[in-house]
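Asker: model this:
(one chain, ligands or ions: 1)
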Amino acid sequence: MPTETIFTRIVRGEAPARIVYRDDEVTAFHDISPAAPTHILIVPNKTLRTLNDAGPDDQALLGKLLLTAQRIAAEMGIAEQGYRIVINCNSQGGQSVYHLHLHLLGGRHMTWPPG
Ligand code: AMP
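Answerer: Below is the predicted model:
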């Protein structure tokens, strides 16, 4: 499995993306194949393949990813009606891009359980 993914290239500004937020630690951009009217991916700039690869040193970074999602949800006007945050981990979790990312999904009613 290559360590560099399309998300790594987006973070570096080497691949195109519709960026909605970027700072020294995280980057957020529109999913190329949206599963909901609002579908934003929030990624750490640092390459972590999966949630399994995060450790105690990443505690603040993981919190930052969630707070970034919360803020973008408010900015995009989906906070009050509601939204879903998803992290897929490894193959049975449905992960396809091996650079840790949060999905922020909103703008429609979500069902449970996920497929
Ligand atoms: P996951 O299955 O959790 O790994 O999610 C990967 C997500 O990345 C999917 O929702 C894809 O549609 C999305 N995706 C893949 N390539 C790109 C890209 N170049 N720009 C934006 N989103 C992408």
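Asker: And residue 59, how far from residue 66?
Answerer: As for residue 59, its distance to residue 66 is 11 Å (criterion: CB to CB, to the nearest Å). For glycine as for every other residue, the C-beta is placed from the backbone atoms N, C-alpha and C.
Asker: my bad, residue 12
Answerer: Distance, residue 12 to residue 66, using CB to CB: 23 Å.
Asker: of those two, who's got more company?
Answerer: A side-by-side neighbour count of residue 12 and residue 66, using other CB atoms under 10 Å, places residue 66 first with 14 against 11.
Asker: What helices and strands are in contact with the helix or strand harbouring the more buried one?
Answerer: Here residue 66 sits within helix 59-75, counting by DSSP states H and E. Counting contacts by 3 or more CB pairs under 8 Å, 6 or more residues apart in numbering; DSSP states H and E, helix 59-75 packs against strand 19-22, strand 26-30, strand 38-44, strand 83-86, strand 102-106.
Asker: Just the C-alpha atoms of stretch 27-41, please, in PDB.
Answerer: Presented in PDB, the C-alpha positions along stretch 27-41 are these (Å, rounded to 0.1, in the frame of the first residue of the first chain):
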ATOM      1  CA  THR A  27      -7.300  20.700   5.400                       C
ATOM      2  CA  ALA A  28     -10.900  20.500   4.400                       C
ATOM      3  CA  PHE A  29     -12.300  20.100   0.900                       C
ATOM      4  CA  HIS A  30     -15.400  18.900  -0.900                       C
ATOM      5  CA  ASP A  31     -15.700  15.200  -1.600                       C
ATOM      6  CA  ILE A  32     -15.400  14.500  -5.300                       C
ATOM      7  CA  SER A  33     -18.300  12.100  -5.200                       C
ATOM      8  CA  PRO A  34     -20.700  13.500  -2.700                       C
ATOM      9  CA  ALA A  35     -22.900  11.100  -0.800                       C
ATOM     10  CA  ALA A  36     -25.100  14.000   0.600                       C
ATOM     11  CA  PRO A  37     -25.900  17.600  -0.400                       C
ATOM     12  CA  THR A  38     -23.000  18.600   1.900                       C
ATOM     13  CA  HIS A  39     -20.100  16.300   1.900                       C
ATOM     14  CA  ILE A  40     -16.800  17.700   3.200                       C
ATOM     15  CA  LEU A  41     -13.600  15.700   4.000                       C
END
